[in-house]
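Undergrad: mind folding the following:
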Amino acid sequence: MMLMMSGANFGLRRTLPHWLGVALGFTFMIFAIGLGLAALLERSPTARIALQVCGIGYMLWLAYWLATSHTLAKGQGRSTPLTFFEAAAFQWANPKAWAMALSAIGVYAASGASGQVGLVATVFGLLNFPCVGVWVGAGQKLRGALQDERKLRIFNGALAALLALSVAPTVWGLWAGL
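TA: As a prediction, the model looks like this:
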């Protein structure tokens, strides 16, 4: 959703760092999880809860950022897409990325086998880049239809609401676990 919004608001060229940050950030995340981060989080409930709370906060901040992004000509909202590092950091707050990374390592890599972890991370990284690029392209295609500021605000607001709602399962799981 965020890449589609960025493609619609800023175009393909300006969204490229965001796109690369998602693709490479997720690849790095799989690699780090495979090399032991998952085991560390299993042993430390406090670290897991802290990561969840930070993730919820970051995703809600990003939803706010999406909701307040408007046309660049008006100078309102954020006038630049996410940077490479912001997009890479987002992977660590994204519950879907966690679920996919943990599943990928659990299914395709033996525990502690760094070669297998590297292969899984590389394959997922190579597949992830064109897949998330589809969202950027969809946003780019919507660019013409969203020239009207009212339509753009509705579009951005809808995507922001969906992003905010996506944290509900994490909030529920955190609440149930306390």
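
Undergrad: which residues touch stretch 118-125?
TA: 23-24, 26-28, 30-31, 34, 100-101, 104-105, 108-109 (CB atoms under 8 Å, 6 or more residues apart in numbering). Just so you know, the C-beta spots here come from the backbone N, C-alpha and C atoms, and that holds for glycine as well.

Undergrad: the bottom helix or strand of the protein by mean pLDDT?
TA: None of the helices or strands of the chain scores lower by mean pLDDT, DSSP states H and E than helix 38-43, at a mean of 74.

Undergrad: ok, then the element right after that helix?
TA: The helix or strand immediately downstream of helix 38-43 is helix 45-67, counting by DSSP states H and E.

Undergrad: just the mean pLDDT for that next one, thanks.
TA: Here helix 45-67 scores 82 as its mean pLDDT.

Undergrad: and that helix, what does it pack against?
TA: Counting contacts by 3 or more CB pairs under 8 Å, 6 or more residues apart in numbering; DSSP states H and E, helix 45-67 packs against helix 2-32, helix 38-43, helix 84-93, helix 149-165, helix 168-177.

Undergrad: mind checking those helices for the one nearest to Phe129?
TA: Proximity to Phe129 (CB to CB) singles out helix 2-32 among the helices and strands packed on helix 45-67, at 4.2 Å.

Undergrad: pLDDT of that closest one, averaged?
TA: Helix 2-32 comes out at a mean pLDDT of 92.

Undergrad: gap between it and the chain center?
TA: Here helix 2-32 is found 8 Å from its chain centre; the criterion is CA atoms, centre = their mean, to the nearest Å.

Undergrad: between the contacts of stretch 118-125, which is closest to Ala47?
TA: Ala101 (16.3 Å).
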